[in-house]
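> okay, here's the prediction I keep looking at, along with the sequence it came from:
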Protein chains: 4
Amino acid sequence: MKTATLLVRCPEQRGIVAKLADFVWSHGGNIISSDQHTDFEANEFLSRVEWDLEGFRLAKEDVHGKFEHLARLVQADWKLVFSDDRPKVAIFATKQDHCLLDLLWRAQTGELKVEIPLVVANRPDLADLAKNFGAEFVCLSFDANNQEEIEKEQLQLLRDHDIELVVLAKYMRIISGDFLDRAPTIINIHHSFLPAFIGDKPYHKAHSRGVKLIGATAHYVTPELDEGPIIHQEVTRVSHKDNVQDLVRRGRDVERRVLAQAVRLHVEGRVMRYGNRTAVFE
Amino acid sequence: MKTATLLVRCPEQRGIVAKLADFVWSHGGNIISSDQHTDFEANEFLSRVEWDLEGFRLAKEDVHGKFEHLARLVQADWKLVFSDDRPKVAIFATKQDHCLLDLLWRAQTGELKVEIPLVVANRPDLADLAKNFGAEFVCLSFDANNQEEIEKEQLQLLRDHDIELVVLAKYMRIISGDFLDRAPTIINIHHSFLPAFIGDKPYHKAHSRGVKLIGATAHYVTPELDEGPIIHQEVTRVSHKDNVQDLVRRGRDVERRVLAQAVRLHVEGRVMRYGNRTAVFE
Amino acid sequence: MKTATLLVRCPEQRGIVAKLADFVWSHGGNIISSDQHTDFEANEFLSRVEWDLEGFRLAKEDVHGKFEHLARLVQADWKLVFSDDRPKVAIFATKQDHCLLDLLWRAQTGELKVEIPLVVANRPDLADLAKNFGAEFVCLSFDANNQEEIEKEQLQLLRDHDIELVVLAKYMRIISGDFLDRAPTIINIHHSFLPAFIGDKPYHKAHSRGVKLIGATAHYVTPELDEGPIIHQEVTRVSHKDNVQDLVRRGRDVERRVLAQAVRLHVEGRVMRYGNRTAVFE
Amino acid sequence: MKTATLLVRCPEQRGIVAKLADFVWSHGGNIISSDQHTDFEANEFLSRVEWDLEGFRLAKEDVHGKFEHLARLVQADWKLVFSDDRPKVAIFATKQDHCLLDLLWRAQTGELKVEIPLVVANRPDLADLAKNFGAEFVCLSFDANNQEEIEKEQLQLLRDHDIELVVLAKYMRIISGDFLDRAPTIINIHHSFLPAFIGDKPYHKAHSRGVKLIGATAHYVTPELDEGPIIHQEVTRVSHKDNVQDLVRRGRDVERRVLAQAVRLHVEGRVMRYGNRTAVFE
């Protein structure tokens, strides 16, 4: 079944659910799944509507235009996803392979509905892995003075490959605000249960604090380090028997799972940002 | 905020989401939360719609009648729940107090939106507990020949107290099909991760099988023992260090949590049965 | 079976496991469970040894004296617990009843091997609950000037009841360093996944940050607020549909479970503090 | 640090902990971790002792002989593992790649301390994957009449490669009792929470039963299908929105995690079988 999905956020207002349902219904679409929630504190209406494209009388390329009219009327932020689209994703990595391998493998099997034509790294270690899965691998090394230049090259690569989503898969560099302004949406995996242990060496900090659970957090990247809207989090149990290396090992399994889930939720049109939060329609 | 909630199940059909939204909207209601899903294998449309009663132009007692018209049209099974109703619940128990105490306490705090006027037991142990929370306690003991008679008395008690839901909170008796036919909806807690370890002594069986997780299952009661539609399940980790008594202890925490959650989901109109399954709108 | 349990912490040294086993064995004891771990970073040896008292030739009151000799030799911190002891526990609370009820109930059933003769509160709300379970309830209200005086009274109450452990069960006051110096061991439940959301209103902070899991942390109380050694932590899933009140409700279930588990681990001699961490022998 | 680990099971008897500690200590070994448990119902003593080989006066090849003497005395089943050994593992697979890829990758990174020189399949699909990781890939297809012959070939391959452990990584064939008798230890991953949904198509059965959690179970293979001693189990949440294909997708993540964990526990000498159960020393 080919479907279209509308993700909508607008100020709370009477009758909005009926209006969205009518938009689909009046063009011959059949809603197969929908989920609406009103956040009264934020005064936000949040919605995800998915419908069967069979019998829908608007062509894919015309849906945007038609919906824009209604969107303006209700002052909506919105996003449209077609189930047969395969957005192009670039993965940024450094040296650790677990998240990169997991994403490449899930894209290859079709579980993640994306193409990954490009892997960008600041070290050469992961070249073979990327190439094995048919992705172009570009290594751009930073030194004390070339951040601006390197980021320019990175942005050009993103444009050349029509990248719609960047995934930082254990990319051990801080992204500049300037890069952020010009890049498409960026998802990062942080190896702690945010907001605990912001910044570097979270497993060392977790070990030192003696926590009994460690976690990982996937979030959209914003200018404030590790402060962006959280998409997904999971934890796993640890004990006094685990040294820092054990936490790193246990954490890898959580990291790759959390990141893959966040990417899946994003590309299936299940995540709507509002304020510094997300609504996730699972 | 006072709300009404419609839980609807009907054969999959085009435009049904719009029809439900219009029903609320056309009478001045404002949907604050809705969730729809179509199960294409079962050809069932499943929906939960909750709306603010402020501004809604139908009186509570008139909603049923008005909706019945639409319901017939779309061949719907449906249920209507008002957030300010407090359905009367009877708890059946035997000797163990953990589930009973937990439910009585949650009702008392208002977390569970029910009244519990009646506790029925086949042993006298829990009388004080029930009375402390203001419930009538009735002990009816079974012997080899009186099941029919006792169940008759139980049914009379349910009628006398206008009971809408019966919760078997570690009630160590098997209910007859005849009782089932005449009683309101019944929810049971089974102390295993069904369908593993059906029947009695599941912790003994779990210990003997050497499982690494034990669980509990809350389900609607049907004539087939432990085979009714599952509402909620959880598990907890165990090890070779746990003997049967340890499993019982660890299991109690899971049992009371799972049962309370299932009762909450049911009374808030979040569980729709279809076939031998449930849709749970969390 | 009556058992004795030795909890030992000492500098890592060769042969220490054999020495502990020999101590028990040479007096006729039969070890039924033991667990040792060496933390090489901290250079600490950590051990829990439990043995059957049947056939053990030292009287309960003589074990301390005999072991003290070996303890000095190996520079050990240690603790001795007998399975038939019932240490006296005081619970400090304010207004919320979920943790207090849970602890009183678990003590009553014998699952927690403690007596709870005393409940101290800074508000009168929980008096009936405490008395129902046979505990003395003392309400001592704070004002701007009487903290020193009130804490003096509290300390006197602890002495009068031979209290060995104080449990802060949602006690909404900060304890003075002076009180800490004079009181027995104190365990607190903090309603967040520490070190995230230290201090007050953690559920508000969690909601505002948009986390996808909330947690609770039981820890020993030290002069630094919410910085003491962590005994146990758990989390539960939340979503954008949960407002602050929902987090509070969901959090209660985690809080009472985490606190009860921490108290159980402590009284069964399963928790050894070292540095600002704990070894937990489950 | 290079270590040796003794895994011991023997009838419960007085002084056994001291005897094991003395064995290590008397040859100059320093125990860095030990864990003992007595199962009084089964009358079994279960122990894992790990010690630093530095300063240990027995050569690796002499430890077996020396310990055999003590083992006979106490009637022990036992196993000796050296941390710098890399046992050779063969993986049997069919068509699904998630478990195979995960194990090959974990062996390559060194997280799993094994060598995987051989992948045996009954279909050709996974040849490239195996070869990419340097394993020999052998495809042996079954027909109605050749099971005996094929299993003979498989056993010869295991001998040729000095295989110590066989892992069935979604190998969709039932192993004969005869093969079992002659093969080394075999670990299987079953895609359900055993003992629920024994046999084939567990996800279909789980969907049909309407369970709210699905799981995976890693176990030693015995002649009774899916009845062998369980090593590890985990579950993940599902809902009415998940069709069978969704269960398969969600299940894959659990399967590979559970299988990798079971293999790790086994090769690190953390799993002792007794009866149809396991003691797992984590």
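Perfect, I can see it now.

> spatially nearest residue to whatever residue of the stretch 101-250 of chain A ends up closest to chain C (excluding sequence neighbours)?
Per CB to the nearest CB, residue A:210 is where the stretch 101-250 of chain A lies closest to chain C, at 3.4 Å. For glycine as for every other residue, the C-beta is placed from the backbone atoms N, C-alpha and C. In space, residue A:210 comes closest to residue C:277 once its chain neighbours are excluded; the distance is 3.4 Å by CB to CB, 6 or more residues apart in numbering or on different chains.

> what about the one you found, how many residues nearby?
Counted with other CB atoms under 10 Å in any protein chain shown, the neighbours of residue C:277 add up to 19.

> same check, this time on residue A:10
A count of nearby residues for residue A:10, using other CB under 10 Å, gives 20.

> skipping adjacent residues, who's closest to it in space?
In space, residue A:10 is closest to residue A:76, 3.9 Å off (CB to CB, 6+ apart).

> hang on, the one you found packs against residue A:9?
Yes. Between residue A:76 and residue A:9 there is a contact at 6.4 Å, judged by CB atoms under 8 Å.

> wait, is residue A:208 part of a helix?
Yes. Assessed by DSSP: H, G, I helix; E, B strand; the rest coil, residue A:208 belongs to a helix.

> how about the residues of chain A near chain B?
A:1, A:14-18, A:21-22, A:24-25, A:30-38, A:40, A:55 (CB under 8 Å from any CB of the partner chain).

> of those, which ones also sit close to chain D?
Among these, the residues lying close to chain D (CB under 8 Å from any CB) are residue A:33.

> filter the residues of chain A next to chain B to the buried ones?
Buried by 16 or more other CB atoms under 10 Å in any protein chain shown: A:15-18, A:21-22, A:24-25, A:30-38, out of the residues of chain A next to chain B.

> circling back: return the subset of the residues of chain A next to chain B lying in strands.
Per DSSP state E, strands hold the following members of the residues of chain A next to chain B: A:30, A:31, A:32, A:33, A:34, A:35, A:36, A:37, A:38.

> show me the contacts for the fourth one.
Listed by CB atoms under 8 Å, 6 or more residues apart in numbering or on different chains, the contact set of residue A:33 reads A:48, A:49, A:50, B:36, B:37, B:38, D:241.

> now it: how far from residue A:186?
From residue A:33 over to residue A:186 the distance is 28 Å, taken as CB to CB, to the nearest Å.

> show me which residues of the stretch 101-250 of chain A sit near chain C.
Going by CB under 8 Å from any CB, the residues of the stretch 101-250 of chain A near chain C are A:193-197, A:209-213, A:215, A:229-235, A:239-241, A:243.

> ok, back up a step: can I get the ones in strands among the residues of chain A next to chain B in a markdown table with distance to residue D:88 and pLDDT?
Listed next are those as a markdown table, based on distance: CB to CB, whole Å; pLDDT from 0 to 100:
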| residue | distance to residue D:88 | pLDDT |
| --- | --- | --- |
| A:30 | 56 | 92 |
| A:31 | 55 | 93 |
| A:32 | 50 | 93 |
| A:33 | 49 | 95 |
| A:34 | 54 | 95 |
| A:35 | 51 | 96 |
| A:36 | 56 | 95 |
| A:37 | 54 | 95 |
| A:38 | 60 | 95 |
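
> mind checking which helix or strand of chain A has the lowest mean pLDDT?
Lowest mean confidence among the helices and strands of chain A (mean pLDDT, DSSP states H and E): helix A:16-26, at a mean of 91.

> let me see the confidence value for residue A:249.
Residue A:249 is assigned 96 on the pLDDT scale.

> from chain D, how far out is it?
6 Å (CB to the nearest CB, to the nearest Å).

> was I right about that residue contacting residue D:110?
No. With contacts counted by CB under 8 Å, residue A:249 stays clear of residue D:110, the gap being 10.2 Å.

> who has more neighbours out of those two?
residue A:249 (16 against 9).

> before we move on, back to that, burial measure for the residue nearest to residue A:10, as a count.
Neighbours of residue A:76 (other CB under 10 Å): 21.

> longest helix in chain A, by residue count?
What stands out as the longest helix in chain A, according to DSSP state H, is helix A:244-267.

> ok, then the element right after that helix?
With elements assigned by DSSP states H and E, the helix or strand that comes after helix A:244-267 is strand A:271-274.

> by contact count, what packs against that next one?
If you count contacts as 3 or more CB pairs under 8 Å, 6 or more residues apart in numbering or on different chains; DSSP states H and E, strand A:271-274 packs onto strand A:3-11, strand A:44-52, strand A:277-280.

> repeat that for 6 Å
Counting contacts by 3 or more CB pairs under 6 Å, 6 or more residues apart in numbering or on different chains; DSSP states H and E, strand A:271-274 is packed against strand A:3-11, strand A:277-280.

> return the member of the ones in strands among the residues of chain A next to chain B nearest to residue A:268.
Lowest distance from residue A:268 to those (CB to CB) belongs to residue A:33, with 11.1 Å.

> hey, what's that closest one bridged with?
Beta-bridge partners of residue A:33, counted by DSSP bridges, are residue A:50, residue B:37.

> OK, contacts around residue A:240?
By CB atoms under 6 Å, 6 or more residues apart in numbering or on different chains, the contact list for residue A:240 reads residue C:279.

> check it and give its pLDDT.
For residue A:240, pLDDT reads 96.

> then residue A:273?
96.

> and it, bridged to which residues?
Bridge pairing for residue A:273 (DSSP bridges) gives the partners residue A:278.

> just to revisit the earlier point, give me phi/psi at the residue of the stretch 101-250 of chain A closest to chain C?
phi 70, psi 40 (degrees, to the nearest 10).

> next up, the contacts around residue A:224.
By CB under 6 Å, 6+ apart, residue A:224 has no neighbours at all.

> what helix or strand does it sit in?
Using DSSP H and E, no helix or strand contains residue A:224.

> I'd guessed residue A:186 sits against residue A:221; true?
Yes. In this structure, residue A:186 is within contact of residue A:221 by CB atoms under 6 Å, at 4.0 Å.

> re the thing from before, thought the residue of the stretch 101-250 of chain A closest to chain C was touching residue C:230?
Yes. Counting by CB under 6 Å, residue A:210 touches residue C:230, with 5.2 Å between them.

> which of the two has more residues huddled nearby?
Set residue A:210 next to residue C:230 and count neighbours by other CB under 10 Å: residue C:230 wins out with 24 against 21.

> pLDDT score for that one?
Each residue has a pLDDT score; the one for residue C:230 is 98.

> residue contacts, the residue nearest to it when sequence neighbours are not counted?
Nearest non-adjacent residue to residue C:230, counting by CB to CB, 6+ apart: residue C:219, 4.8 Å away. Listed by CB under 6 Å, 6+ apart, the contact set of residue C:219 reads C:188, C:228, C:230, C:231.
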